[in-house]
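Student: sequence plus predicted model, see below.
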Amino acid sequence: MALLAAGVGAFAQATPGTGQAMDFSAAWSHLVAHSGKLAAAHAALRGKQLQGEGLQGLGGPSVAVSGASYAYNANLTVDLDPVNQRLLQAGQALQAPLAGLPVPAPSFPSLPSSYTYNQHGTGNTASLSLMWPLYMGGATDAARALVSAQADEALADTRKTSHELMTVLVQRYFGAQLAARAASLRQAAYSNVQEHDRAVEKMLAAGVVSRVERLQARAALEDAHRNALKAQDDAELTAIALARTVGAPGAVTPQSPLFVWSRPVQPMAYFLEAALQNHPGLAKVAAKKAQAESLHAGEEGLRRPQLFAFGQHALTTGNPDWVLGVGARWTLYDSVDRDKMAAASLQQVAQAEHTDAQARNDIALLVERNWRLVEQARRQFFSLQPGADVADEVLRLRKAGLREGTSTAVDLMDAEMYVVKVQTERAQAAYEYVMALANLLEGCGLSEEFAAYMAGADVKVE
């Protein structure tokens, strides 16, 4: 036992188990605070929510003030050639009667061929205008419903991302726990085999054992050393993966142990019902269908007449200009084929309905598969208990046999390595149970309840 404690203590100093200690709840909180993927999903959701809030007043009145300050220069060129022609004709008409009289004939001066008139100046203008859609054929309601459905889709994506991250954390957290446990067992076994190897060396020198048995002990020592190094490398890698997952600056030491329920979880029907109510995939399909229905409503709204009120008032002193009225607009012909557009939006609705039916079948199959995997892993874990008891008893007998001369040191080494193998297999079975449970809860949209299942487990693999 002293050698075992020394081996475990030495391993604790050589592996990443000396980092920041975290239980599972703290690791989840750390992951939520540092996950870029989850933050992006929340940003997309908040953006759609703000968009919906911004469109709440769509279809209401809009009031605008407009103003301008301007300078102008206008030129008007007048062609005077026609006037000159008229004056010449008038002069000729007067000269004919006066040709025989002793008076000079009158003459008319000619004008320039053209004259340019110039006007320039500066000015200011300002006005207040009003536009109020009174009836838009339901298009504004369809627009608000479309954005609301997009927000529902973003919420479903956010929940899906959260559930996926929970499963990833379960994999990395308890994977690190499993690897650290395997490394501890392998290191402790290596320390014990080292002690047995030294004892065999002394026994060989005393002529108690043969050289073949010495070589067998040496081979067992090398095998234990190789397994211990590999287990340590695996533990370091899983610790790094866990730290990167939760966004911790250094290594993370898992504090929550692997667990198994000794009794089965709730019946399959419970999880099937929960999946059909909570799975984010179904919520996303429902949001897609709502979007398609909103688009169809908008297409239909464009067919209807539109009624609006309008007004404008000049912001001047004295007697300002103003106008106020009610207008209507009804598109009689459009280059866009509205019938085809409406039919296309109905096809999108049908697509969403077919997708929903397929998704329900797929989710039901997934839930049944994961439920059965949970039960298989539970039975597997408890079926290994008799093997563990046998391995412990064999080890006890080998120790006693070595003292009595009926067993060899190699037999004892083999017994110890077998105990490590059985204990590692039981820990592996517990890990498979935990992963199957996490996948089952994710498939039902219940990943947030994983901590409750962990707290309610009556078997802890410490």
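Tutor: In hand now; what should we look at?

Student: contacts and neighbour counts: CA atoms only from here.
Tutor: OK.

Student: where does the residue nearest to Ser407 when sequence neighbours are not counted land in three-state SS?
Tutor: Spatial nearest neighbour of Ser407, excluding adjacent residues (Cα to Cα, 6 or more residues apart in numbering): Gly401 at 4.7 Å. For Gly401, the assignment made with DSSP: H, G, I helix; E, B strand; the rest coil gives helix.

Student: please state the backbone phi and psi of Met136?
Tutor: The phi/psi pair for Met136 (degrees, to the nearest 10) reads phi -120, psi 20.

Student: give the closest residue to it in space, chain neighbours not counted.
Tutor: Met136 sits nearest to Gln306 (Cα to Cα, 6+ apart), 4.7 Å away.

Student: that neighbour contacts Thr140, correct?
Tutor: No - using Cα atoms under 8 Å, Gln306 is not in contact with Thr140, being 11.4 Å away.

Student: before we move on, back to that, number of nearby residues for the residue nearest to Met136?
Tutor: Gln306 is flanked by 19 other residues according to other Cα atoms under 10 Å.

Student: any idea how far it is from Gln255?
Tutor: The gap separating Gln306 from Gln255 is 66 Å, by Cα to Cα, to the nearest Å.

Student: quick check: which ranges of the stretch 51-200 of the chain have low pLDDT?
Tutor: The model of the stretch 51-200 of the chain has pLDDT under 70 over residues 91-109.

Student: neighbouring contacts of stretch 388-406?
Tutor: Here stretch 388-406 makes contact (Cα atoms under 8 Å, 6 or more residues apart in numbering) with Ser407, Thr408, Ala409, Asp411, Leu412, Ala415, Glu416, Tyr418, Val419, Val422, Gln423.

Student: now, these that are in strands?
Tutor: Among these, no member is found in strands (DSSP state E).

Student: nearest to Arg218, of those?
Tutor: Arg218 has its nearest neighbour among the contacts of stretch 388-406 in Ala409, at 10.8 Å by Cα to Cα.

Student: wait, that closest one touches Arg198, no?
Tutor: No - when contacts are counted by Cα under 8 Å, Ala409 is not listed as touching Arg198 (10.4 Å).

Student: okay, those two: which has more neighbours?
Tutor: Between Ala409 and Arg198, counted using other Cα under 10 Å, the more crowded position is Ala409 (25 against 14).

Student: so Ala248 lies in a strand, does it not?
Tutor: No - Ala248: not assigned to a strand; according to three-state DSSP it is coil.

Student: phi, psi for it please.
Tutor: Torsion angles at Ala248 (phi, psi; degrees, to the nearest 10) stand at phi -80, psi 140.

Student: so what's it up against?
Tutor: His30.

Student: what's the spacing between it and Gln150?
Tutor: 34 Å.

Student: what sits against Leu169?
Tutor: Applying Cα under 8 Å, 6+ apart to Leu169 gives the contacts Trp28, Leu242, Thr245, Val246.

Student: filter those to the buried ones?
Tutor: Trp28, Leu242, Thr245, Val246 (16 or more other Cα atoms under 10 Å).

Student: help me confirm that the second one is found in a strand?
Tutor: To tie it back to what came earlier, the one meant is Leu242. No - applying three-state DSSP, one finds Leu242 to be helix, outside a strand.

Student: for the stretch 251-400 of the chain, which segments count as strands?
Tutor: Using DSSP state E, counting those that start in this stretch, the strands of the stretch 251-400 of the chain run over 252-254, 258-260, 306-314, 322-329.

Student: please name whichever of the ones you listed is nearest to Arg144.
Tutor: strand 306-314 (17.7 Å).

Student: partner strands of that closest one, with direction?
Tutor: Strand 306-314 has its sheet partners listed here by DSSP bridges as strand 114-135 (antiparallel), strand 322-329 (antiparallel).

Student: tell me the mean pLDDT over it?
Tutor: Across strand 306-314, the average pLDDT comes to 90.

Student: can you pull the buried residues of that strand?
Tutor: Neighbour counts over strand 306-314 (16+ other Cα under 10 Å) mark Gln306, Leu307, Phe308, Ala309, Phe310, Gln312, His313, Ala314 as buried.

Student: then stretch 341-356?
Tutor: Buried residues in stretch 341-356, counted by 16+ other Cα under 10 Å: Ala342, Ala344, Ser345, Leu346, Gln348, Val349, Ala352, Glu353, Thr355, Asp356.

Student: among those residues, which ones are in helices?
Tutor: Per DSSP state H, helices hold the following members of the buried residues of stretch 341-356: Ala342, Ala344, Ser345, Leu346, Gln348, Val349, Ala352, Glu353, Thr355, Asp356.

Student: could I get those residues in a markdown table, plus columns for pLDDT and distance to Gly445?
Tutor: Converted to a markdown table, these look like this (pLDDT from 0 to 100; distance: Cα to Cα, whole Å):
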| residue | pLDDT | distance to Gly445 |
| --- | --- | --- |
| Ala342 | 87 | 35 |
| Ala344 | 90 | 32 |
| Ser345 | 88 | 30 |
| Leu346 | 91 | 30 |
| Gln348 | 90 | 26 |
| Val349 | 91 | 25 |
| Ala352 | 91 | 20 |
| Glu353 | 92 | 21 |
| Thr355 | 92 | 18 |
| Asp356 | 92 | 16 |
